[in-house]
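Colleague: Requesting a structural model of the entry that follows:
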Amino acid sequence: MRMSLAIHSYRGGTGKSTTAANLATSLATLGFKVATVDLDLSSPGLHVIFNINQSMLNGSLNDFLYGKCSLEKCVLNITENLGLHGGGELLFIGSSMKPEEIANLMRKEYEENVFKIIGEELQKRYSIDYLIFDTHPGLSEDTLLAVLSTDLSLVLMRMDRQDISGTYLLTRVLRKLNRVCYILLNMVPPEIAKLPSLTDDISKYTGMPVLGLVPFYEEVLSNRSKGVFILKHPQHPYTTQVYQIAKMIASW
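Modeller: Got it, this is the predicted structure:
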């Protein structure tokens, strides 16, 4: 495996799942074999963007964590579903969409290396290039275990005072855990995005490098998770920026 990533944020509403879906898709269209895991166990949403319903899943991450099925049974290849070209593949592991299973899993204690095991098994069975965890925001146990199991954390941040303050705290925790972390400024208002020293100022404040800056686009918001944006709007500036980030990651 070339790299495993945790797409994370301190608060909800940062565009985390949208970024995870579009970044995974862009890497797949660049020819890589990518696996995405919806690790937002309390409020899964990645399946909505990929147009996946419960009936399409033979098993969920919940089932695997409870020992009810093998990981292989949870993997759904969505390459053809999305009409992807370029020689890559996109695999998906979803969390359960059933309220009772979500409630039960929130009370479960996890083995410390469970998410590392998931990555190792996906690599062994499918020879994946990239593993992307779409995590639950904040500092919950499952999120921290996923972060500890990955090579890199990509923390999304909006230019909101609460989010800036929370991201500062989050990056301090990741630093204490000796994790490699990059910040992605997302949904940045156009007038703020033009500030020449913005990324440097955020990097100095958080002590973490800024991987990129994505302005706020009304079109992305209006898409309302109805499909993968970069596939529907290949010429949009957002699509260009997602591919730039994907190519940067692929060059490491």
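Colleague: I'd like to check which residues are in contact with residue 51.
Modeller: 81, 227 (CB atoms under 8 Å, 6 or more residues apart in numbering). C-beta here means a position set from N, CA and C on the backbone, and glycine is covered the same way.
Colleague: With the one 4 residues further on instead?
Modeller: Counting by CB under 8 Å, 6+ apart, residue 55 touches no other residue.
Colleague: pretty sure residue 252 contacts residue 3?
Modeller: Yes. Look at residue 252 against residue 3 with CB atoms under 8 Å: they come within range, at 6.8 Å.
Colleague: Which of these two has more residues huddled nearby?
Modeller: residue 3 (17 against 8; other CB atoms under 10 Å).
Colleague: what's the spacing between the nearest residue to that one once chain neighbours are set aside and residue 182?
Modeller: Distance criterion CB to CB, 6 or more residues apart in numbering; nearest residue to residue 3, sequence neighbours excluded, is residue 151 at 5.0 Å. Per CB to CB, to the nearest Å, residue 151 is found 11 Å from residue 182.
Colleague: Could you report the neighbour count for the closest residue in space to residue 61 that isn't next to it in sequence?
Modeller: Using CB to CB, 6+ apart and skipping residues adjacent in sequence, the residue nearest residue 61 is residue 95, 4.8 Å away. Each residue near residue 95 was counted by other CB under 10 Å, and the total is 28.
Colleague: What of residue 54?
Modeller: Considering only other CB under 10 Å, residue 54 is surrounded by 11 other residues.
Colleague: now do the one 10 residues further on
Modeller: Residue 64 sits with 21 neighbouring residues when counted by other CB under 10 Å.
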